[in-house]
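Asks: What follows is a predicted protein model with its sequence.
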Amino acid sequence: MLSSLKRYSESEVAQKKMEIINFYDEFGEKATIQAFDADRKVISRWKRRLDASGGKLASLVPYSTKPKTTRTVCYDHKIVDFIKDLRVEHPRLGKEKIKPDLDEYCLVQGLNTVSESTVGNIIKRHKLFHQKAGRVYHNPNSAWAQKRVHKKTRLRARHSPKPEDFGYILSDTVVRLDMGLRNYYISAIDAKLKFALTLNYKRLTSRNMKDFYHRFKSVYPATVRIWQTDNGSENLGEFDEILASDQIPHYFSYPHCPKIQTYIERYNRTIQEEFIDNNLGIIDDKVLFNQKLSEYLIWYNTKRPHKSLGLKSPLQYLIEKGGMSQMSLTYTKTCTTRVTSI
């Protein structure tokens, strides 16, 4: 039943058919023809399919109309053998260079000549690849070609997001050389709510990015719906896998397009100017530095006015929109202090 419902929910055509059937049962044939141009015969056929399947909604999903028996291309075995022998002797010889010799051979043998593209199809169909070393660029069955085919396609953000609801998160990493030490600051911010978090790490890895994601979720007062990053290696690997397991779409910005990351880029400037630059004297003491960072983030999310939020803090704005109660302010402060001080 679950499998049937899944197939049905993924098919817009099946859902439309069910809508037409329900409309027909309620209003009759004449109204159905006017509204959907579907008469009694068509609807009866759909109902028979439903009855024959025992009422499974998946039976309304369109099935493949591909013929069970398809035409197969047949090439003269002499032409195939000639191309094979030529490719064995000269493995790098392409279809355009095989064509002149093949035409001459066909003329002698009294065979019809074939086009250049047909020569290429014969090479692919019969796998006439005989290189012993090096990469076979034009072999569609090679491991390199298969790897290229199965490469994961990235979701791309074409413009800076303008979400109508909470949950669209943008993250970025800032690398700073402070007091001779390299520091990595991973930050994330909600594009609409402006709720933000920044943590300091010693190394920039996908595992640390995964750790930051879990910590962000533990203090974030809403539900993460989308996560957007740049194309750094830390945003792949374990971090990309945990987003996939949580069914959160992972969008990537285009290279050299900081405007797509507008909100997090502006927040990076704020956290550096308002906190990091003013606390360089204690940056060697990580315990104290992280404690001060926790206190700043609590103030940033609960007290600091934001012009884009009508001079309200993110949590005040969330309460005003009915996202949480006034009592949650105290709990969020305690939770934030516990997490960011680790």
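Replies: Structure received.
Asks: contacts, neighbours, all on C-alpha from now
Replies: Fine.
Asks: can you tell me the helix or strand for residue 199?
Replies: strand 196-201 (DSSP states H and E).
Asks: Now find how far off-centre the host helix or strand of residue 169 is within its chain.
Replies: Here residue 169 sits within strand 168-178, counting by DSSP H and E. A distance of 21 Å separates the centroid of the chain from that of strand 168-178, by C-alpha atoms, centre = their mean, to the nearest Å.
Asks: What pairs with that strand, parallel or antiparallel?
Replies: Strand pairing for strand 168-178, using DSSP bridges, gives strand 181-190 (antiparallel), strand 226-229 (parallel).
Asks: Could you check that strand and say which residues are buried?
Replies: When burial is assessed from 16 or more other C-alpha atoms under 10 Å, strand 168-178 yields the following buried residues: 168-173.
Asks: same deal with stretch 267-286?
Replies: Buried residues in stretch 267-286, counted by 16+ other C-alpha under 10 Å: 267-268, 271, 276, 283.
Asks: what bits of this protein have low per-residue confidence?
Replies: Low-confidence segments of the chain, defined by pLDDT under 70, are located at 1-8, 10, 131-151, 323-342.
Asks: Okay, domains of it per the record?
Replies: Residue ranges of the domains in the chain are recorded as 2-60, 77-133, 156-340, according to automatic domain parsing.
Asks: closest to residue 71 out of those?
Replies: domain 77-133 (14.7 Å; C-alpha to C-alpha).
Asks: Check which helix or strand residue 251 maps to.
Replies: Counting by DSSP H and E, the element that carries residue 251 is strand 250-253.
Asks: Each with direction, which strands does that strand pair with?
Replies: strand 155-157 (parallel), strand 226-229 (parallel).
Asks: rewinding a little: looking at the buried residues of stretch 267-286, spot the one nearest residue 232.
Replies: Residue 232 has its nearest neighbour among the buried residues of stretch 267-286 in residue 268, at 16.3 Å by C-alpha to C-alpha.
Asks: contacting residues for that closest one?
Replies: Contact criterion C-alpha atoms under 8 Å, 6 or more residues apart in numbering gives 174, 187 as the residues in contact with residue 268.
Asks: what's the angle from the helix or strand it falls within to strand 181-190?
Replies: Secondary structure from DSSP H and E places residue 268 in helix 262-271. Orientation of helix 262-271 against strand 181-190 (axes from the mean of the first three to the mean of the last three C-alpha atoms, to 10 degrees) gives an angle of 130 degrees.
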